[in-house]
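> coords below, sequence missing:
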């Protein structure tokens, strides 16, 4: 999560999303089925609301995220306000996003600069590649990592293969890697993280 490893093992993450016009709401969960490095199973339940405003190739999306961590006394619930902006240029997408904590760590501020590429292989197969740079301010790093400094935190790259079986069901295997950039963070966190998995999507 933003360069910080929360779990190492099998994670199941279901989500339900509802949209009306440009308004969107999602309930997202993360369940640690098996963690090989941590004794505490870090479960999570998020409530996410956002609005997509589109104008001349730009998409501007203000958002509200509420984070809840069931059974974890050391991780109190918190919330963030966010703003993301993206611009589509053919098969490429440029984007940036910012988030600010408004409850537990009110000074925490983090951001992401991202570039994506999507290629339509056939009527039901697409490939997507994304690369990004994540950064955070002193308050964010002190609260979540324990290092009191601003940082250019990580570089990420990921790829997704989307196969639409029909108009309702899509299977998406993915791989992703995060590389820690800050020297002080490398001593506390993994130098790099490699994730892989598969997503199953149903749309109504």
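The structure has been received and is ready for your questions. Owing to the predicted nature of the structure, the values given are computational and were not obtained by experimental measurement.
> what are the ranges of the helices in the protein?
Assigned by DSSP state H, the helices in the chain fall at 138-144, 183-188.
> now the shortest one: mean pLDDT?
What that stands for is helix 183-188. Averaging pLDDT along helix 183-188 gives 88.
> Could you give me the buried positions within it?
For helix 183-188, the neighbour count (16 or more other C-beta atoms under 10 Å) marks residue 185 as buried. The C-beta positions use only the backbone N, C-alpha and C, and glycine is treated the same way.
> can you check the first one too?
For helix 138-144, the buried set under the neighbour-count rule, 16+ other C-beta under 10 Å, comprises 139, 140, 141, 142, 143, 144.
> Please name every helix or strand in contact with that helix.
strand 109-122 (3 or more C-beta pairs under 8 Å, 6 or more residues apart in numbering; DSSP states H and E).
> hmm, 10 Å instead?
Using 3 or more C-beta pairs under 10 Å, 6 or more residues apart in numbering; DSSP states H and E, the elements in contact with helix 138-144 are strand 92-101, strand 109-122, strand 125-136, strand 151-164.
> wait, what's in contact with the residue nearest in space to the middle of the chain?
Geometric centre of the chain, nearest residue: residue 1, 6.7 Å, by C-alpha atoms, centre = their mean. Residues near residue 1 by C-beta atoms under 10 Å, 6 or more residues apart in numbering: 7, 30, 42, 44, 144, 178.
> Identify the residues contacting the residue lying closest to residue 144 once chain neighbours are set aside.
Nearest-residue entry for residue 144: residue 4, 6.1 Å, with adjacent residues in sequence omitted and distances by C-beta to C-beta, 6 or more residues apart in numbering. Residue 4 is in contact with 134, 136, 141, 144-145, 153-154, 178, 180, 185, 188-190, 193, counting by C-beta under 10 Å, 6+ apart.
> so what pLDDT did residue 4 get?
pLDDT, residue 4: 81.
> now do residue 98
97.
> Based on its surroundings, how many neighbours for it?
Neighbourhood size, residue 98 [other C-beta atoms under 10 Å]: 15.
> didn't it look like it was pressed against residue 60?
No: counting by C-beta atoms under 10 Å, residue 98 sits too far from residue 60 to count as a contact (11.9 Å).
> any common contacting residues for the two?
83, 84, 85.
> of these, buried ones?
Here, 16+ other C-beta under 10 Å leaves residue 84 buried among these.
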